[in-house]
Each structure stands twice: as C-alpha cells, then as structure tokens.
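Engineer: how does the following fold in three dimensions:
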Amino acid sequence: MQFSERRNTTRWIIIAVSFIIILLILWNTYAFFQIFKTEERQKMLLWAKAQSTLLTSDLETYNPELNLFIFEHNKTIPILLTNSKDSVMDGINIDTEVLKDSIQLKKMLKQFKNENEPIKITYDETDYRLLYYGNSSLLNKLKYYPLALISIIVLFGGLVYNFYKSTKMATQNKLWAGMAKETAHQIGTPLSSLIGWLEIMKADNVDETTVSEIEKDIVRLQTITDRFSKIGSEPILAEVDIIKETEESFDYLKSRFSKQVEFSFKAPTYPIEINLNSALHSWTIENLVKNAIDAMKGRGKLDVVILEDARFVKIRVSDTGKGIPKNQFKQIFEPGFTTKKRGWGLGLSLTKRIVEEYHNGKIRVLSSEVGKGTCIQVSFKKLD
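Structural biologist: Numbers count the residues shown, from 1 in each chain. Below is the predicted model of the structure:
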C-alpha cells in the first residue's frame with residue numbers, strides 16, 4: 001500500500017512539474033511576442049518619421065542617405081498608406097496582385113487595423129496620411145508557435161499514455177494468464193480424485209444414469225482445465241468439423257439449463273472443416289449461450305444458426321432478451337464492461353480474444369433491438 005501511494009505521489013509530481021514547464025514556455029513565448037511587436041512598432045514610427053521628413057524638409061535639412069537607409073531597411077513588415085479617407089495610396093512589401101485587387105486590398109486593410117494601431121503621418125495642418133502595417137512573417141510564426149508547441153506536447157502525451165496503457169495491459173494479461181494456469185493446476189488435483197471415485201462407483205454398480213451424468217461433468221471439468229491451461233499460450237489448431245464441435249457444446253448446455261429456455265439449432269447437414277481449437281471453440285459457444293440466457297433472465301428463445309458463403313463460416317447466436325443499445329455494440333466486448341449486478345465482465349472480451357486473436361476470426365453484434373433481443377455473429381475463414 002505504501003509503495004502504491006508513493007508511486008501515485010510521484011506521478012502527480014511529474015504531472016505538476018510538466019504543467020509548470022508548459023506554462024513557463026507559453027509565458028516566455030508571449031513575452032518574446034510582445035518584445036518583437038514593440039520593436040516592429042518602433043520601426044514603423046521611425047519609417048513614418050522618415051516619410052514625413054521626406055515631404056516636409058527643405059533641401060538644407062534633408063538627409064537622403066538616412067531616409068533611404070530607413071526605407072530600404074524594412075523588407076519584412078507589410079505597409080499600406082492611406083489618405084485621411086482611408087483610401088489606399090501605396091503599399092510596401094505587398095504582393096502586386098493584391099494591390100491590383102480592390103477586394104483583397106480592403107480585406108488586408110481590415111486585417112492590419114485589427115493587428116496594429118495606425119500611425120498618423122502629418123504633412124501640414126490640413127493634410128495627413130495613415131500608415132497601416134501588419135505583423136511580419138517572423139511575428140506571425142511566433143504567434144502560432146504556442147499552438148504548435150501545445151499540439152506536439154499533446155501528441156507526445158498521447159504516445160506516452162498509449163505506451164503506458166499498453167504496458168499496463170500487457171502486465172495484466174500476464175497476470176491473468178498466470179492466474180488461469182494456476183487455476184488449471186489447482187483444479188487438476190481434485191479432478192484426479194473425482195475420476196478415481198467415478199471408477200469406484202462403476203465397480204459398485206451404481207445407477208448407470210447417475211454415473212453417466214457425473215462422467216459428463218468430469219469430462220466438462222477436464223475441458224475447463226484444458227481451456228485455462230491454454231490462456232496466454234499459442235493454441236494448437238487442427239482441421240475439425242465446426243458443425244459437430246458447435247453442436248456438441250450446444251447439446252451439453254441445452255441439457256443443463258431451465259426448460260423455460262426454448263433451444264433451437266440449425267446447420268448444414270454436411271461437415272464444414274476449418275482450423276480450430278476444440279476446447280477454446282466450446283468456450284466461445286458456452287460464453288455466447290450463457291450471455292444470451294442471462295440477457296433473457298432464464299426465459300425465452302435461443303437460436304444457434306450456422307451459415308456459410310464462399311469464404312466464411314458464420315455462427316449466429318440469437319436471443320429474445322433485453323437487447324443492447326447501438327452505442328454499446330463495441331463496448332460489450334471490452335474487459336470489465338457488464339450490465340449485470342454480478343460478474344467481472346470478462347466473458348465476451350475473452351470470447352473476442354479467442355475468436356480474433358487465436359482463430360483469426362471476427363465477432364460482432366449483427367443486430368439488436370432494446371426489449372426484443374440480440375444476434376451476435378462469429379465468422380471464421382474457410383479452408384482454401
């Protein structure tokens with residue numbers, strides 16, 4: 001507990017420090033932006049002064065070299081000169097195509113008005129010009145730099161989170177696999193004892209029906225042990241008849257559920273062989289059937305139908321239960337998701353893993369309507 005609390009504290013410290021660093025970077029960027037903006041303002045004031053001097057100074061006080069240096073020094077800041085009525089008279093560092101287009105020129109003038117306060121250039125008591133200027137390309141880049149920085153940080157944070165989540169899931173998978181194998185090992189001891197007792201019952205001529213049913217349950221326990229032992233390992237696939245395997249699992253479950261559930265099984269009368277692990281496939285059918293019966297609260301109609309087309313074999317398990325809202329079609333296959341008061345919410349997620357990871361198949365909610373029922377479809381690729 002102490003180690004876990006210390007680790008959580010460390011995480012929060014790292015998050016807080018990262019947040020402070022981001023704020024400092026953004027604040028620094030804003031400070032630089034304001035400094036550059038002030039410098040550009042000073043350049044424009046100097047440019048306006050040189051323009052005023054050029055038109056009002058006499059030949060004795062006019063310094064052409066200084067004015068020429070000031071005019072030529074500005075190669076980055078776009079300028080529009082207007083008269084007192086805001087009609088554009090000239091443009092500096094503006095594309096010639098824009099200067100020829102009155103609509104684009106008006107848009108640019110409006111943009112400059114929003115970006116910076118105009119500078120008044122007075123020639124005499126009655127005549128003046130207005131200097132409008134926009135931000136230089138460098139200032140524009142600096143303005144959008146925080147957005148680019150935040151985007152990079154968010155992307156990096158997403159990658160770190162994804163890596164952390166993947167690592168955590170891998171650790172959890174190893175833990176679950178270890179627990180499953182240990183469970184299989186623990187079941188093995190009493191199961192061996194039960195097999196011994198079964199042989200004694202046969203020798204004592206106990207009622208054959210009782211012995212047969214107990215034997216079926218012991219075989220079932222052996223199957224369950226085999227399933228758990230395969231978790232986390234690469235299963236061995238073999239060419240088997242999927243109709244036979246599915247029907248055997250279906251018949252076993254049918255005999256052990258309430259008569260209030262009406263079972264129906266439909267499939268082609270000929271065998272269809274695919275690469276399959278029998279123990280894991282029976283687990284898939286069991287999970288789908290049990291999930292359907294839970295959805296019907298132990299009363300209703302359950303149909304298992306096997307279809308085929310040119311490339312795939314499809315198993316459809318339909319029920320007349322409470323149904324699933326459309327926004328939960330994918331959620332039901334996520335670990336931990338359950339609508340029941342009891343349960344871990346692992347049945348369908350485990351089924352998805354068996355179908356898609358171990359058998360390279362597909363599982364999805366084919367159709368569902370709240371209050372009427374659900375149909376889940378499992379698809380396997382046929383042998384070439």
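
Engineer: all strands of the stretch 101-250 of the chain, in order?
Structural biologist: 119-122, 128-133, 238-241 (DSSP state E, counting those that start in this stretch).

Engineer: I'd like those strands as JSON lines, with distance to residue 187 appended.
Structural biologist: Backbone N, C-alpha and C define where each C-beta goes, glycine included. Listed next are those as JSON lines, based on distance: least, CB to CB, whole Å:
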{"stretch": "strand 119-122", "distance to residue 187": "87"}
{"stretch": "strand 128-133", "distance to residue 187": "82"}
{"stretch": "strand 238-241", "distance to residue 187": "24"}
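
Engineer: which of those is buried the deepest?
Structural biologist: strand 128-133 (a mean of 20; mean count of other CB atoms under 10 Å).

Engineer: from the chain's centroid, how far away is that strand?
Structural biologist: 52 Å (CA atoms, centre = their mean, to the nearest Å).

Engineer: quick revisit: save the strands of the stretch 101-250 of the chain as a markdown table, and put in mean pLDDT and distance to residue 304 too.
Structural biologist: A markdown table is the format used below for the strands of the stretch 101-250 of the chain (pLDDT from 0 to 100; distance: least, CB to CB, whole Å):
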| stretch | mean pLDDT | distance to residue 304 |
| --- | --- | --- |
| strand 119-122 | 81 | 83 |
| strand 128-133 | 83 | 77 |
| strand 238-241 | 93 | 15 |
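
Engineer: contacts for the helix or strand hosting residue 352?
Structural biologist: Using DSSP states H and E, residue 352 falls within helix 347-353. Residues external to helix 347-353 that are found in contact with it (CB atoms under 8 Å, 6 or more residues apart in numbering): 283-284, 287-288, 290-291, 332-337, 363.

Engineer: switch to 7 Å and redo it
Structural biologist: 284, 287, 288, 291, 332, 333, 334, 335, 363 (CB atoms under 7 Å, 6 or more residues apart in numbering).

Engineer: returning to what we had before: closest one to residue 84 among the strands of the stretch 101-250 of the chain?
Structural biologist: strand 128-133 (5.9 Å; CB to CB).

Engineer: tabulate the CA atom coordinates of that closest one in PDB.
Structural biologist: Backbone C-alpha positions of strand 128-133 (Å, rounded to 0.1, in the frame of the first residue of the first chain) are rendered in PDB as follows:
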ATOM      1  CA  TYR A 128      -2.100  63.800 -43.300                       C
ATOM      2  CA  ARG A 129      -1.600  60.100 -44.200                       C
ATOM      3  CA  LEU A 130      -2.300  57.000 -42.200                       C
ATOM      4  CA  LEU A 131       0.200  54.200 -42.000                       C
ATOM      5  CA  TYR A 132      -1.300  50.800 -41.500                       C
ATOM      6  CA  TYR A 133       1.000  47.800 -41.000                       C
END
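
Engineer: from residue 156, how far off is the residue most central in space within the chain?
Structural biologist: Closest residue to the average C-alpha location of the chain: residue 162 at 9.4 Å, with CA atoms, centre = their mean. Here residue 162 is placed at a distance of 11 Å from residue 156 (CB to CB, to the nearest Å).

Engineer: go on, residue 354?
Structural biologist: Counting by CB to CB - residue 354 and residue 156 are separated by 36 Å.

Engineer: measure residue 31 to residue 38 for me?
Structural biologist: 11 Å.

Engineer: again, but for residue 99
Structural biologist: 28 Å.

Engineer: of those two, which one has the most company?
Structural biologist: residue 99 (15 against 10; other CB atoms under 10 Å).

Engineer: so that one touches residue 92, yeah?
Structural biologist: No: applying CB atoms under 7 Å as the test, residue 99 and residue 92 come out as separate, 10.2 Å apart.
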